[in-house]
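# below: sequence and its predicted model.
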Amino acid sequence: MGLAVIDQVDDLAFHSGQAILVTTFQKLINGQSVFGVVGDARSKLQIGIVVDG
């Protein structure tokens, strides 16, 4: 399909919207999530869509 995909959340292509991040559900929801946790001082990453399959 020609879609750009990456598996590292800190990849610049993901942050600039030029690649799709492929990760596990566990990484998304764990208490140490790199996407941000309510009450945590770290900046939060906006998630556009989650696909489960």
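Sure thing, it's come through.
# how far does stretch 35-50 stretch from one end to the other?
In stretch 35-50, first residue to last residue: 13 Å (CA to CA, to the nearest Å).
# give me the below-cutoff pLDDT ranges for this protein.
Within the chain, the stretches with pLDDT under 70 are 31-33, 36, 44.
# got the phi and psi for Q26?
Backbone torsions of Q26, given as degrees, to the nearest 10, read phi -60, psi -40.
# burial count for it?
The burial count assigned to Q26 is 8, neighbours taken as other CB atoms under 10 Å. No exception for glycine: its C-beta is placed from N, CA and C like everyone else's.
# and it, what is it in contact with?
Q26 makes no contacts at all, as judged by CB atoms under 8 Å, 6 or more residues apart in numbering.
# state the distance from it to V34.
In this view, Q26 and V34 are 12 Å apart by CB to CB, to the nearest Å.
# look at the nearest residue in space to Q8 that is not next to it in sequence and give its secondary structure.
Spatially, and ignoring its direct neighbours in sequence, Q8 is nearest to F14 (7.5 Å; CB to CB, 6 or more residues apart in numbering). Under DSSP: H, G, I helix; E, B strand; the rest coil, the three-state class of F14 is helix.
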